[in-house]
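**Q** Make a model of this:
(chains A and B)
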Amino acid sequence: MDPIVILSAGVATGTVLFFAALGEVFAERSGVLNLGVEGMMLIGAMSAFSVANSLGNPWLGIVVAMIAAGLISQIHAYIVITLQADQVVSGLALTFVGTGISLVLGEGLSKAGTVAQIPALSVPLLSQIPFLGPIFFTNQSVLVYLGYLIAPLAWYYINRTRPGLHLRAVGEYPSAADALGINVFALRYWYVFVGGMLAGLGGATLSLAVSPGWFSELTTNGQGWIAVGLVIFAQWDPIRAALGSYAFGALRRMILDIQGPLTLFGFDNPFYYNSYLGFFLQMIPYAFTVIVLVIGSREAIRKRLGSPAALGVPYIRGERGK
Amino acid sequence: MRQRLETLFDALLPVLATLAALAVGALMLLILKVNPITAYAALWDGAFGSVNSFAETLVKATPLLLVALGICISFRGDVINIGGEGQMIVGAVTATWVGLTFTDAPGWLVITLALFAGFLGGALWGGIPGALKARFNVNEILSTVMMNAIAVQLMNFLLRGPMIDPSQAQLASKIPQTARLLDAFHLARLVPTRLHLGALIAVILAILVYILLWRTVLGYRIRAVGQSPFASRYAGIKTPQYMALALLLSGAFAGLAGAIQVYGVNYRMITDGSASGFTGAAGFNGIVAALFGQLHPLWSIPASILFGALLVGANKMQRVVQIPSALITVMNGLVVVFVVSSEIWRRRRQRRRLTQTPEAETPSKQDQPEIGKEARQ
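**A** Below you'll find the model as predicted:
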């Protein structure tokens, strides 16, 4: 029950969620709801592990994972952007397809044992900062540092650059964007692809760094859905998505660690002596997500903030309305 | 004439979607270096090859149909219920508890009570996200998914703790399962197959759900909310309440599916730690079946049989050509992909017709809601 250990592990496991959630932020900001995150993450986790296993190069695994998940996301893009079909149903179908493909192709990988992983390292100087150093900069995977870089960059990109403005325009008011000569369809395809790549990166982070291995659908164990939930809580903001992901990761780690020690704050640890309580502890991340959704929704109403206006609405040229 | 051809084409769309999914599946089999004809022959044989295998298909289709009925209600009301897995589990738990508690009561009474308890258990598990949606505007897609995970842990706890089989509790193995239901409490079977009364119950309920949705005020309001929440609000319908109710009813049918699974097939609850260990992923596949059946309770009957056949056949296929049965998960997804993709032709034609001749469409197709319109508000 060392708080430093919990927070530092939380940042590591939270990075997985962050990549997936950030991908969904991009897709949803462009107006496309993609519920297939779980499937895309599994595709990423499986292909990264598979490549690292057969070729011995984890970096190549990351690249392949991102491309594979990006490509599978294009099924969804085609259905909802070009064919203008229902985004919820198509996203569900993508979850099925992604999960199924990763289970079929990943058959046998669970016996692969250990493969080359993405290295972990400590940052000189920064790791010496008291409290923050051991949490954020000591013995973390390179991918975790990548997360620190991407979060502010993504925020800057979305809120302060011209392409970011186009992204927001396409998600808020596509017909106006179209009138200004922005290619709504192309941009939506592109950001669904980006979302897929980031979900793939999240999956690869799982199978090659955070909890190495391939455990069929238990590899992600519903984290793709949690990532979709976090996006609402984060109100489509990359920085909030990162902080939420890290906090969530820390919560999950704390649940594991709290069952370890014999005593807790000087008392007998009930979670150690009564193993049944463990099941209730396991519920906490999911119950917490629901609570987060309640808070997120209330805050959204109060601040009059909300989802991108055109989220979930297919853009049909020449039709009235948004 | 042209219109009749188009209606025929619309009716054939699901068939075409299935064929397209099978074609893509064949491609995947070729990539995996398996002869698709051998594989599909095994699939067919496993699903329809004998009386017994056809009975298995129907046994598998029963929970799919029950879940699909709930999905018809919720999706028609523009509420997306992905919590079928959790609702099945909770329904099964409450039903099992009834059967293990009232061991002195007559069989018919216990079965009736148990199925009712399952209905209520599922209603509870669907009602919570429904209430959260109505009260706090919490996205029901995500809350129902989270409720699935919570239900799994609840099941794991109960089956290892308070509800564990007393004989297992004394053994070192401590297999997480409940005691077996008394023989008198089993749903009647069509011996020698495993086909049980639950299949009949599901078909009767399909008719009742059809009546509910199209012949009652309640059903009309649920569909009105699904079609146009704003218009419904102006018409004085309490939109959030009806959405919550749709989700509650949807959960109730999934809960009943769980109860019938226990009383018709397993006669006890046993867990391998995951949801699909008990449900066989019926909570998800029921969604596929409902979508394939155009969210119509009666069309969901053949749709459930189709997916029941795919699932049963996949096991045989796995044995014959050594292909993971997860391939069927891909195919299920692809069927949905092709079904939703084919909608565009219908919609384009409808739009054209609206601009040309104001002719009446067949009602069952015209009033299909655009699902997820309010999914993110």
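**Q** where does the stretch 1-150 of chain B dip in pLDDT?
**A** For the stretch 1-150 of chain B, the stretches flagged by pLDDT under 70 are B:1.
**Q** Within range of chain A, give me the residues from it.
**A** For the stretch 1-150 of chain B, the residues in contact with chain A (Cβ under 8 Å from any Cβ of the partner chain) are B:28, B:32, B:80, B:82, B:132, B:136-139, B:141-143, B:145-150. Just so you know, the C-beta spots here come from the backbone N, C-alpha and C atoms, and that holds for glycine as well.
**Q** how does it look with 7 Å?
**A** Residues of the stretch 1-150 of chain B found near chain A (Cβ under 7 Å from any Cβ of the partner chain) are B:80, B:132, B:136-139, B:141-143, B:145-146, B:149-150.
**Q** Is it possible to get JSON lines of these that adds secondary structure?
**A** Converted to JSON lines, the residues of the stretch 1-150 of chain B next to chain A look like this (DSSP: H, G, I helix; E, B strand; the rest coil):
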{"residue": "B:80", "secondary structure": "coil"}
{"residue": "B:132", "secondary structure": "helix"}
{"residue": "B:136", "secondary structure": "helix"}
{"residue": "B:137", "secondary structure": "coil"}
{"residue": "B:138", "secondary structure": "coil"}
{"residue": "B:139", "secondary structure": "coil"}
{"residue": "B:141", "secondary structure": "helix"}
{"residue": "B:142", "secondary structure": "helix"}
{"residue": "B:143", "secondary structure": "helix"}
{"residue": "B:145", "secondary structure": "helix"}
{"residue": "B:146", "secondary structure": "helix"}
{"residue": "B:149", "secondary structure": "helix"}
{"residue": "B:150", "secondary structure": "helix"}
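**Q** Which two among these are spaced furthest apart?
**A** Within the residues of the stretch 1-150 of chain B next to chain A, B:137 and B:149 form the most distant pair, 21.7 Å apart (Cβ to Cβ).
**Q** Please name the residues that touch residue B:283.
**A** Residues near residue B:283 by Cβ atoms under 7 Å, 6 or more residues apart in numbering or on different chains: B:67, B:84, B:85, B:87, B:88, B:254.
**Q** Drop anything exposed from the residues you listed.
**A** Buried by 16 or more other Cβ atoms under 10 Å in any protein chain shown: B:67, B:84, B:85, B:87, B:88, B:254, out of these.
**Q** Which phi and psi values does residue B:139 adopt?
**A** phi -60, psi 120 (degrees, to the nearest 10).
**Q** hmm, I was thinking of residue A:140
**A** phi -100, psi 150.
**Q** buried residues in whichever strand or helix holds residue B:72?
**A** Assigned by DSSP states H and E, residue B:72 belongs to helix B:51-76. Buried residues in helix B:51-76, counted by 16+ other Cβ under 10 Å: B:53-76.
**Q** other SSEs contacting that helix?
**A** Judged by 3 or more Cβ pairs under 7 Å, 6 or more residues apart in numbering or on different chains; DSSP states H and E, helix B:51-76 is in contact with helix B:36-48, helix B:197-215, helix B:217-227, helix B:239-261, helix B:282-292, helix B:300-321.
**Q** Could you confirm whether the third one reaches chain A?
**A** No. Under the criterion of Cβ under 7 Å from any Cβ, helix B:217-227 makes no contact with chain A; the nearest approach is 12.5 Å.
**Q** Any chance you could list what contacts that helix?
**A** Here helix B:217-227 has contacts from B:73, B:76-78, B:212-213, B:232, B:237, B:239, B:242-243, B:246, B:367, B:369, using Cβ under 7 Å, 6+ apart.
**Q** Check the average confidence over it, would you?
**A** Here helix B:217-227 scores 93 as its mean pLDDT.
**Q** Alpha carbons of the helix or strand following that helix, in PDB - could you do that?
**A** Downstream of helix B:217-227, the first helix or strand assigned by DSSP H and E is helix B:229-234. Output in PDB follows, covering the C-alpha atoms of helix B:229-234 (Å, rounded to 0.1, in the frame of the first residue of the first chain):
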ATOM      1  CA  PRO B 229     -38.300  12.600 -28.600                       C
ATOM      2  CA  PHE B 230     -39.000  16.200 -29.200                       C
ATOM      3  CA  ALA B 231     -42.400  15.700 -30.800                       C
ATOM      4  CA  SER B 232     -43.300  13.300 -28.100                       C
ATOM      5  CA  ARG B 233     -42.400  15.800 -25.500                       C
ATOM      6  CA  TYR B 234     -44.600  18.400 -27.100                       C
END
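**Q** contacting residues around helix B:229-234?
**A** Counting by Cβ under 7 Å, 6+ apart, residues outside helix B:229-234 touching it are B:78, B:224, B:225, B:239, B:374.
**Q** Report the separation between the spatially closest residue to residue B:85 that is not a sequence neighbour and residue B:82.
**A** Among residues not flanking residue B:85 along the chain, residue B:283 sits closest, at 3.4 Å (Cβ to Cβ, 6 or more residues apart in numbering or on different chains). For residue B:283, the distance to residue B:82 (Cβ to Cβ, to the nearest Å) stands at 8 Å.
**Q** ok, then the element right after the helix or strand bottoming out on mean pLDDT in chain A?
**A** Least confident helix or strand of chain A, by mean pLDDT, DSSP states H and E, is strand A:263-264 with a mean of 74. Per DSSP H and E, the first helix or strand lying C-terminal to strand A:263-264 is strand A:267-268.
**Q** continuing past that next one, what's the next helix or strand?
**A** Heading C-terminal from strand A:267-268 (DSSP H and E), you reach helix A:270-273.
**Q** Buried residues, that following helix. List them.
**A** Applying 16+ other Cβ under 10 Å to helix A:270-273 flags A:271, A:272 as buried.
**Q** can you give me the offset of that helix from its chain's centre?
**A** Averaged C-alpha coordinates place helix A:270-273 at 32 Å from its chain's average position (Cα atoms, centre = their mean, to the nearest Å).
**Q** For residue 222, the count of nearby residues, please.
**A** Went with chain A since none was named. 19 (other Cβ atoms under 10 Å in any protein chain shown).
**Q** oops, chain B please
**A** 26.
**Q** Any figure for the gap between the residue nearest to residue B:85 and chain A?
**A** In this view, residue B:283 and chain A are 12 Å apart by Cβ to the nearest Cβ, to the nearest Å.
**Q** One more: residue B:55?
**A** 26 Å.
**Q** what's that residue in contact with, if anything?
**A** With Cβ under 7 Å, 6+ apart, residue B:55 has these contacts: B:193, B:194, B:195.
**Q** try it again with 10 Å
**A** Residue B:55 makes contact with B:189, B:190, B:192, B:193, B:194, B:195, B:196, B:199, B:312, according to Cβ atoms under 10 Å, 6 or more residues apart in numbering or on different chains.
**Q** Would you map the helices across the stretch 151-300 of chain A?
**A** Remark: helices assigned in the stretch 151-300 of chain A by DSSP state H, counting those that start in this stretch are A:162-172, A:174-179, A:184-205, A:223-233, A:238-257, A:270-273, A:277-302.
**Q** Residues of the stretch 201-350 of chain B that sit close to chain A?
**A** B:273-276, B:281, B:284-285, B:287-288, B:291, B:322-345, B:347-348 (Cβ under 10 Å from any Cβ of the partner chain).
**Q** Setting aside sequence neighbours, what's the nearest residue to residue A:10?
**A** Nearest one to residue A:10, counting by Cβ to Cβ, 6+ apart, is residue A:250 at 2.7 Å.
**Q** That neighbour against residue A:11, yeah?
**A** Yes. Under the criterion of Cβ atoms under 10 Å, residue A:250 makes contact with residue A:11 at 7.5 Å.
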